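> using only what follows, build the 3D model:
(one chain, ligands or ions: 1)
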Amino acid sequence: MRDVVVAANWKMHTTPADAGELARTIASRTREPGVTRVICPPYVCLAAVGAALADADPDVAVGAQNIHHELAGAFTGEIAAPMLEGLATWVIVGHSERRRDAAETDELIGRKLGRATDAGLRPILCVGEQLSERETGRATDVVDAQLRGALAGHDPVEMTAHGLVIAYEPVWAIGTGRNATGADAAAMAETIRASLSTLGWADGADVVPILYGGSVTSANIGAFLAEPSIDGALVGGASLKPDEMAGIVARAAITARARGLAG
Ligand code: PGA
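Model prediction:
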């Protein structure tokens with residue numbers, strides 16, 4: 001059965017002075033068997049969050065929000081995947097805010113994916129369409145093209161062995177308070193698994209966890225997790241609020257129990 005994953009994307013929030021305490025609080029409020037929890041703080045908070053979680057709850061993993069596509073070199077201000085050793089075990093790749101603000105292309109995102117898995121980081125690959133693309137009926141084509149671009153040249157067996165997770169995040173739903181419906185998310189998850197199948201995953205597409213992201217809250221998470229094809233959430237704004245995280249993970253635990261993951 002696929003993992004049930006709740007990943008917190010703190011984006012450009014928290015400082016090394018307060019991140020550890022927030023992580024500790026979230027960890028203590030989300031102790032539910034069977035749910036894979038990940039917190040992705042800003043780079044400068046990775047050490048503080050890691051130290052707090054090692055003490056409070058080592059079951060909560062730490063992730064980075066990005067990595068560079070090269071291993072080292074003259075790239076001012078950038079962080080390479082091997083530098084995260086001891087600081088993170090997961091990484092978000094291809095978030096729409098980076099596609100938008102750093103002009104990341106599918107080809108570049110594909111290179112980052114390779115750097116992530118080479119460094120032993122579990123990647124969360126983000127895909128998702130713009131509002132205009134959905135309104136003109138192109139959402140599935142856009143997501144299919146993003147997957148093809150990013151996954152080209154990667155060995156499905158190896159990607160799966162490194163625990164590839166895909167997050168479907170419609171861009172119009174991110175940070176807007178306007179979430180997709182559970183049915184929309186489930187339909188896209190089916191599309192994503194169909195794309196993976198044609199990319200060489202074959203039946204293996206069934207084992208890749210697919211998360212929904214975009215204005216997820218404790219109030220709407222149930223609509224997504226009621227869909228058997230959805231395996232969790234990538235949570236932005238609500239992930240900074242312990243009450244919200246407690247509600248989201250509690251709902252995820254129901255799915256984990258139903259899947260027999262809770263031990
Ligand atoms: P949001 O962000 O939950 O604030 O919409 C989700 C994300 O960008 O991963």
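> can you get me a residue count around the residue lying closest to Pro33 once chain neighbours are set aside?
The shortest distance from Pro33 to any non-neighbouring residue, by C-beta to C-beta, 6 or more residues apart in numbering, is to Ala262 (4.1 Å). (Each C-beta comes from the backbone N, C-alpha and C, glycine too.) Neighbourhood size, Ala262 [other C-beta atoms under 10 Å]: 15.
> what residues does the stretch 1-150 of the chain put near the ligand?
Residues of the stretch 1-150 of the chain lying close to the ligand by C-beta under 6 Å from any ligand atom are Asn9.
> shaky segments in the stretch 1-150 of the chain?
For the stretch 1-150 of the chain, applying pLDDT under 70 flags no range at all.
> all strands for it, in order.
4-9, 35-40, 61-64, 90-93, 122-127 (DSSP state E, counting those that start in this stretch).
> looking at those, which is closest to Thr255?
Shortest distance between Thr255 and the strands of the stretch 1-150 of the chain, using C-beta to C-beta, is found for strand 4-9: 5.2 Å.
> including distance to Tyr168, could the strands of the stretch 1-150 of the chain go into a markdown table?
Formatted as a markdown table, these follow (distance: least, C-beta to C-beta, whole Å):
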| stretch | distance to Tyr168 |
| --- | --- |
| strand 4-9 | 13 |
| strand 35-40 | 17 |
| strand 61-64 | 18 |
| strand 90-93 | 13 |
| strand 122-127 | 6 |
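> let's have those strands in TSV, adding mean neighbour count.
Shown next, in TSV, are the strands of the stretch 1-150 of the chain (neighbours: other C-beta atoms under 10 Å):
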stretch	mean neighbour count
strand 4-9	27
strand 35-40	26
strand 61-64	22
strand 90-93	26
strand 122-127	26
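> contacting residues for the residue nearest to Pro33?
The contact partners of Ala262, by C-beta atoms under 8 Å, 6 or more residues apart in numbering, come to 32-34, 253, 256.
> which stretches of this structure form helices?
19-29, 46-56, 96-101, 106-118, 131-135, 139-151, 156-161, 182-196, 221-225, 242-258 (DSSP state H).
> what's the neighbour count on Ile79?
Neighbour number of Ile79 under other C-beta under 10 Å is 18.
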